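A.B. asks: A structural model of the following input is requested.
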Amino acid sequence: MRKTLLLLIGLICAVFTVHAQKKADAHVSRYMSPGDPNLNPNWNWTVNGSGHTMYYSTSGQTPTALTNVQLPFYTQGHTLNTYEKDMYPEDGWVLAYRDFGTPTSAPAIPFFVLYNKYRGIFRVMCYNAPNISANYFRMELSFWDPSKSGALFTFNDETKAFKNNYNASVIESAMGTVPVYRGWAYADFTMFGFDPGLHPDARLRMKFYQVDESQINLASTSFTLNEVVNEATPTASRITGGDIVDAVNKGHKYYKSVNKAKKALQDKIDKTSGTPWWKGPATDLITGAVGTIAPYIGGLMGLVTSFIGGKNEQKVREPMKFEGAIELQGTINSVTPSFDIDFALSPGTQMADAYRPLRTIKWGVFNLNNIPVVDEHTIYEEFYHSYWGECETEESTTHDLDKSTFNYSFNTQSGMTLTSVKVAYTYRRKAPTSYYNIATQDVSAFSYYYNGFSSPGPNGIAVELTLSINSPTRYSDDELVVYKVYPYSSNSTYQVIGDCNPYGYRLGTEQPVLAPGEFMVSPNPIKDKGAQLTFRIEKEGHYTLNILDVQGREIATLVDDNRKGGIHTVRWNGNDARGKMLRPGLYHYLLNGPDGSFSGKIVKD
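C.D. replies: So this is what the prediction gives:
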């Protein structure tokens, strides 16, 4: 009995040990003691020759040596093996992490990471030493602990895109190919956001997943799946549990060449019926000079939501994000990752379960600090139309950026000078405005509505950065241009002028008969264009007119000033105090003043 019990205990321990070992194999990390060659910050990744020696170990076995391994920049057929290679220190690349192992200790996956301080690109390169059997992969990069993070990933985000308002739980995803027999898989992640308050203990976790090719279909009319993941590598932002295919469709594409970016735009044109505003400038880009994209991008903002590239010519892979091109369909299931790696972002005490950077790196380039505010002043001009015998209303709105709310952080240790910051307004159905220099010009736009004719207001702010590289470059342009569309918040004010009231009476002739405190709301229910509230007061003094929800909470203030006795008219467009359109439903108005308190119901369609 005792012997049987001992055998059972031994079996349980053995199973636990194997399980623990397999779990450990999924995490690539090892303690590197001083003198380990992988800690050399001056290791030269640009040398071409007989190749490199690296080691890998699975399941805790003695490391296996691999010799004469060429880096991806010199591997035949690899997408990074271009004539003008995007890897040199002169073009902004620095060595961040490396682990090729040693004869006595080695990771399961040899890897190294480069960071481009000019473009904020975090490039992970992993060598498929254990022969992972998958043609495609996806990598994910996120903060290991959202409570210890920073605003590094704001460039991909379209809403929480600010240093003081970012999503610490965002996951950056990238897709690519992986050679089945010992080749390099790699992914570029955009860490352009600069945060001087980055948490000192922040670390990144990179997860590597195998992808089943049969699960993926391509909706593109121009690209093959292989071209997408090699020539226009998709990257995206998503929240845990999101649909990866959808995230990739909405994400960045790192185009290997200008021609590939043009091909993607042509693909977008081919799949879009009608003549939307962006087809003209997109066609100009496609038929333009081969070596450049940036001069055309400013006019495409709204379709394109972000871009980083050379101002005069494109010689390196550049991220550009626009909707609809090279779409993926199908599913990419979330499975247990093949392996993961943790990267500490600050040097310090060696951590057993995370790699520390080989040098101090000031991550990121630029961030808006907070959401900017646009002052929107609407004038409702009422005039009597003698031919029709009735009143008409013309609405016009001026949109002025409050430049005191436009604040940004720039990494002065990036090796670049920020030479200009320009701003334009973007729209859903028309081209952006001209660009205004934020330092010297007012940023203004105009919209109107009259008798069925409308010029819609803006829906975003496009920021154009021009960055001058301080040192001579090898292949990169000496100037970079960056575009990104940001949301803004509205500060709305209203003014009614003219000789009519909202009920068709000409002022000075017929007046609506209203008792003190009585309201007339037209129209009610409120339509898309809002409504006018007309009320009569007797006593002169300070009055407030608020909109309340059904719980009695104040959500908008229409009047907060001194008024004389008589009939008054104000306009409400159905927005709350922050300028956000309210949902359809029942609301109340509440007038308070020397005459007393008066309330009533408003229905919003």
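
A.B. asks: Tell me where the stretch 251-400 of the chain has strands.
C.D. replies: Assigned strands in the stretch 251-400 of the chain, in chain order: 252-255, 304-310, 318-322, 328-330, 339-344, 366-368, 373-385, 390-401 (criterion: DSSP state E, counting those that start in this stretch).

A.B. asks: For these, please prepare JSON lines with the additional fields mean neighbour count, mean pLDDT and distance to K580.
C.D. replies: Yep, even glycine has a C-beta here, placed from its N, CA and C like the rest. Shown next, in JSON lines, are these (neighbours: other Cβ atoms under 10 Å; pLDDT from 0 to 100; distance: least, Cβ to Cβ, whole Å):
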{"stretch": "strand 252-255", "mean neighbour count": "25", "mean pLDDT": "77", "distance to K580": "28"}
{"stretch": "strand 304-310", "mean neighbour count": "25", "mean pLDDT": "87", "distance to K580": "21"}
{"stretch": "strand 318-322", "mean neighbour count": "24", "mean pLDDT": "71", "distance to K580": "25"}
{"stretch": "strand 328-330", "mean neighbour count": "16", "mean pLDDT": "71", "distance to K580": "33"}
{"stretch": "strand 339-344", "mean neighbour count": "20", "mean pLDDT": "92", "distance to K580": "38"}
{"stretch": "strand 366-368", "mean neighbour count": "24", "mean pLDDT": "98", "distance to K580": "20"}
{"stretch": "strand 373-385", "mean neighbour count": "18", "mean pLDDT": "79", "distance to K580": "13"}
{"stretch": "strand 390-401", "mean neighbour count": "17", "mean pLDDT": "81", "distance to K580": "16"}
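
A.B. asks: who wins for proximity to N411 among those strands?
C.D. replies: strand 366-368 (7.1 Å; Cβ to Cβ).

A.B. asks: For the closest one, what is the distance to the chain centroid?
C.D. replies: Computed by Cα atoms, centre = their mean, to the nearest Å, the separation of strand 366-368 from the middle of its chain amounts to 12 Å.

A.B. asks: Pairing partners for that strand, with directions?
C.D. replies: strand 408-410 (antiparallel) (DSSP bridges).

A.B. asks: and whatever helix or strand comes next after the partner strand, which residues are buried?
C.D. replies: Counting by DSSP states H and E, the element after strand 408-410 in chain order, helix or strand, is strand 416-426. For strand 416-426, burial by neighbour count (16 or more other Cβ atoms under 10 Å) applies to 416, 418, 421-426.

A.B. asks: quick one: contacts of strand 416-426?
C.D. replies: Outside strand 416-426, the residues that touch it by Cβ atoms under 8 Å, 6 or more residues apart in numbering are 118, 298, 301-302, 365-366, 399, 401, 406, 408, 410, 432-439, 443, 445, 458-470, 479-480, 485.

A.B. asks: what's the angle from it to strand 390-401?
C.D. replies: Going by axes from the mean of the first three to the mean of the last three Cα atoms, to 10 degrees, strand 416-426 is angled at 170 degrees with respect to strand 390-401.

A.B. asks: What strands line up against the next helix or strand after strand 416-426, and which way round?
C.D. replies: Counting by DSSP H and E, the element after strand 416-426 in chain order, helix or strand, is strand 436-437. Paired neighbours of strand 436-437 in the sheet (DSSP bridges): strand 416-426 (antiparallel).

A.B. asks: got the angle for the partner strand vs strand 304-310?
C.D. replies: Going by the same axes, to 10 degrees, strand 416-426 makes 150 degrees with strand 304-310.

A.B. asks: Any chance you could give me strand 416-426 in PDB, C-alpha atoms only?
C.D. replies: Extracted in PDB, the C-alpha atoms of strand 416-426 (Å, rounded to 0.1, in the frame of the first residue of the first chain):
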ATOM      1  CA  MET A 416      14.400  65.900 -34.500                       C
ATOM      2  CA  THR A 417      13.100  69.500 -34.500                       C
ATOM      3  CA  LEU A 418       9.400  70.200 -34.700                       C
ATOM      4  CA  THR A 419       9.400  72.900 -37.400                       C
ATOM      5  CA  SER A 420       5.700  73.400 -37.900                       C
ATOM      6  CA  VAL A 421       2.300  72.300 -36.600                       C
ATOM      7  CA  LYS A 422      -0.700  72.900 -38.800                       C
ATOM      8  CA  VAL A 423      -4.400  72.200 -38.400                       C
ATOM      9  CA  ALA A 424      -7.300  71.600 -40.700                       C
ATOM     10  CA  TYR A 425     -10.900  70.600 -40.300                       C
ATOM     11  CA  THR A 426     -12.100  67.300 -41.700                       C
END
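
A.B. asks: what's the spacing between that strand and its chain's center?
C.D. replies: Distance, centroid of strand 416-426 to centroid of chain: 17 Å (Cα atoms, centre = their mean).

A.B. asks: what's near enough to touch the closest residue to Y118 other than its chain neighbours?
C.D. replies: Closest residue in space to Y118, ignoring its immediate chain neighbours: G92 at 3.5 Å, by Cβ to Cβ, 6 or more residues apart in numbering. By Cβ under 8 Å, 6+ apart, the residues touching G92 are 116-119, 415, 469, 473, 476.

A.B. asks: Filter the contacts of strand 416-426 down to the buried ones and express that as a PyMOL selection.
C.D. replies: With 16+ other Cβ under 10 Å as the criterion, this PyMOL line picks the buried residues out of the contacts of strand 416-426:
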select buried, resi 118+298+301+302+365+366+399+401+406+408+410+432+433+435+436+438+443+445+458+460+461+462+463+464+465+466+467+469+479+480+485
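
A.B. asks: hang on, the earlier thing: quick check: pLDDT value at the residue nearest to Y118.
C.D. replies: Per-residue confidence (pLDDT) for G92: 95.

A.B. asks: so which helix or strand takes in V228?
C.D. replies: helix 225-231.

A.B. asks: tell me the mean pLDDT for that helix?
C.D. replies: Helix 225-231 comes out at a mean pLDDT of 75.

A.B. asks: and after that helix, which helix or strand comes next?
C.D. replies: Following helix 225-231 toward the C-terminus (DSSP H and E): strand 232-238.

A.B. asks: Can you name every helix or strand that that following strand contacts?
C.D. replies: Judged by 3 or more Cβ pairs under 8 Å, 6 or more residues apart in numbering; DSSP states H and E, strand 232-238 is in contact with strand 171-177, strand 184-190, helix 244-249, strand 252-255, helix 258-270.

A.B. asks: Switch the ones you listed over to JSON lines; also include distance to N524.
C.D. replies: Output for the helices and strands packed on strand 232-238, formatted as JSON lines (distance: least, Cβ to Cβ, whole Å):
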{"stretch": "strand 171-177", "distance to N524": "46"}
{"stretch": "strand 184-190", "distance to N524": "49"}
{"stretch": "helix 244-249", "distance to N524": "40"}
{"stretch": "strand 252-255", "distance to N524": "47"}
{"stretch": "helix 258-270", "distance to N524": "44"}
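
A.B. asks: For D99, find the nearest of the ones you listed.
C.D. replies: strand 184-190 (14.5 Å).

A.B. asks: I'd say R428 and P456 touch.
C.D. replies: Yes. R428 is within contact range of P456, at 7.0 Å (criterion: Cβ atoms under 8 Å).

A.B. asks: residues near the residue lying closest to T53 once chain neighbours are set aside, how many?
C.D. replies: Once flanking residues are discounted, T53 sits nearest to T67: 5.0 Å by Cβ to Cβ, 6+ apart. T67: 9 surrounding residues under other Cβ atoms under 10 Å.

A.B. asks: what's the least confident stretch among the helices and strands packed on strand 232-238?
C.D. replies: Minimum mean pLDDT among the helices and strands packed on strand 232-238: helix 244-249, a mean of 68.

A.B. asks: can you tell me how far T419 sits from D442?
C.D. replies: Separation of T419 from D442 (Cβ to Cβ, to the nearest Å): 21 Å.

A.B. asks: my guess is A129 contacts P63, does it?
C.D. replies: No. A129 is beyond contact range of P63, at 10.2 Å (criterion: Cβ under 8 Å).

A.B. asks: Mind listing what's buried along stretch 278-292?
C.D. replies: 278, 281-282, 285, 292.

A.B. asks: To clarify, my last question referred to stretch 71-79.
C.D. replies: 71-75, 78-79.
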